[in-house]
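**Q** no FASTA, just this:
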């Protein structure tokens with residue numbers, strides 16, 4: 001039987017979904033609001049990181065384009081030198097032993113320059129493609145952050161409405177009090193004005209009991225919330241914020257007795273009386289302001305913590321940037337090395353000098369390779385230095401976000 005009921009419930013739910021029937025909306029919780037604010041911080045951090053990477057890539061593209069111009073100048077010079085030596089060897093074949101090694105070395109250098117130029121061109125193409133993707137990502141993150149901001153506003157309103165409603169619902173349950181009142185009425189009043197209706201005297205006792213019960217009531221939970229915002233409900237202003245509904249829930253004792261000697265009727269009433277407040281729009285507004293301030297503090301703290309966490313996003317970007325800078329430095333050094341090689345080849349007058357120059361260049365390359373560990377250490381030091389700066393920047397931004405959330409409190413309108 002239980003299995004059949006479960007199957008029926010599931011079928012009913014699926015039918016409701018297929019027909020487009022709505023199911024009851026889940027109540028918005030504080031976690032829903034805070035998660036939404038966290039998402040906004042994350043989207044904004046990703047957008048900021050993407051924009052920073054675009055700027056870094058554009059700077060690299062500009063530098064690489066300048067390097068290509070420099071390489072073109074060196075290639076022109078190398079081609080001129082090759083042509084010059086080829087003509088020399090053609091005109092003076094007896095000195096081929098001097099010309100040929102120089103032509104061979106210059107051709108090898110030309111090939112290196114072309115290889116580096118192609119590497120630069122490929123790097124520029126990759127960076128442009130990367131920037132195209134990063135710009136799309138940045139725009140996507142900006143759109144998501146904007147949508148989430150709108151969602152956050154709705155979540156805040158739903159959450160605050162619910163908090164205020166819960167508080168008022170709790171207070172509007174009222175309280176049950178036991179009240180006893182006794183009154184007396186003269187014979188003249190009862191037999192004259194009211195034509196012998198003794199129930200008038202009992203009704204007066206009941207009304208006095210209800211009035212006494214109402215005077216004992218004070219919505220302390222509500223007033224404490226409002227007073228914490230430098231506002232107090234006084235007896236003179238209470239009607240602006242709530243009215244009281246009084247009803248008899250149970251009659252415990254009632255009687256009307258004649259006191260012939262005093263020529264009066266004495267009525268007594270004892271009963272359980274329910275006293276319930278009905279709060280005004282003004283009270284709801286004051287409570288809304290109070291809960292909005294509380295929520296602003298919570299949201300500010302969470303946003304600040306999340307902002308500090310975005311250091312992970314920044315760390316990935318900084319490490320990539322510094323390694324890219326190191327790669328660019330190595331490429332620039334390689335171009336300088338080739339320039340020196342070209343100048344040395346221009347000055348070389350014999351095969352022996354060319355060979356000596358090539359050995360010197362080979363030793364220089366080996367020495368440069370041996371310094372790689374030191375270079376890696378410098379890269380790591382620069383990454384750590386930039387991360388320290390980034391943490392300081394994020395801490396400052398986190399403090400500003402927290403202050404802003406607490407200051408710029410969103411108070412939904414009351415309808």
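**A** Sure, I can see it. Since the structure is predicted, the reported quantities are computational estimates derived from the model, not experimental observations.
**Q** Would you state the helices of the stretch 51-200 of the chain in chain order?
**A** 96-171, 187, 199-216 (DSSP state H, counting those that start in this stretch).
**Q** Which elements pack onto the longest one?
**A** Translated: helix 96-171. Judged by 3 or more CB pairs under 8 Å, 6 or more residues apart in numbering; DSSP states H and E, helix 96-171 is in contact with helix 30-91, helix 220-227, strand 264-279, helix 281-309, helix 311-347, helix 351-370. Glycine gets a C-beta too; all of them are placed from N, C-alpha and C.
**Q** can you tell which of those is closest to residue 189?
**A** When these are compared by CB to CB, strand 264-279 sits nearest residue 189, at 8.8 Å.
**Q** So which elements touch the closest one?
**A** Applying 3+ CB pairs under 8 Å, 6+ apart, we find strand 264-279 packed against helix 96-171, strand 175-186, helix 199-216, strand 242-259.
**Q** can you rerun that using 7 Å?
**A** strand 175-186, helix 199-216, strand 242-259 (3 or more CB pairs under 7 Å, 6 or more residues apart in numbering; DSSP states H and E).
**Q** Of all those, which one is nearest residue 115?
**A** Nearest to residue 115, of all the helices and strands packed on strand 264-279, is strand 242-259, at 84.9 Å by CB to CB.
**Q** Packing partners of the closest one?
**A** If you count contacts as 3+ CB pairs under 7 Å, 6+ apart, strand 242-259 packs onto helix 199-216, strand 264-279.
**Q** Which among the helices of the stretch 51-200 of the chain is found nearest to residue 384?
**A** Residue 384 sits nearest to helix 96-171 of all the helices of the stretch 51-200 of the chain, at 25.0 Å, using CB to CB.
**Q** Centre of the chain to the closest one, how far?
**A** 20 Å (CA atoms, centre = their mean, to the nearest Å).
**Q** tell me the mean pLDDT over it?
**A** Confidence for helix 96-171, expressed as mean pLDDT, is 92.
**Q** report the angle between the axes of it and helix 311-347?
**A** Inter-element angle recorded for helix 96-171 and helix 311-347: 170 degrees (by axes from the mean of the first three to the mean of the last three CA atoms, to 10 degrees).
**Q** What about residue 29? Give its phi and psi, please.
**A** The phi and psi values for residue 29, taken as degrees, to the nearest 10, are phi -110, psi 170.
**Q** and residue 195, how many residues sit next to it?
**A** As a burial measure, residue 195 scores 8 neighbours (other CB atoms under 10 Å).
**Q** Please produce a markdown table containing the helices and strands packed on strand 264-279, extended by distance to residue 143, mean pLDDT and mean neighbour count.
**A** Formatted as a markdown table, those follow (distance: least, CB to CB, whole Å; pLDDT from 0 to 100; neighbours: other CB atoms under 10 Å):
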| stretch | distance to residue 143 | mean pLDDT | mean neighbour count |
| --- | --- | --- | --- |
| strand 175-186 | 52 | 93 | 16 |
| helix 199-216 | 56 | 92 | 17 |
| strand 242-259 | 45 | 90 | 14 |
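**Q** what's the closest of the ones you listed to residue 82?
**A** Closest to residue 82 of these is strand 242-259 (CB to CB; 98.9 Å).
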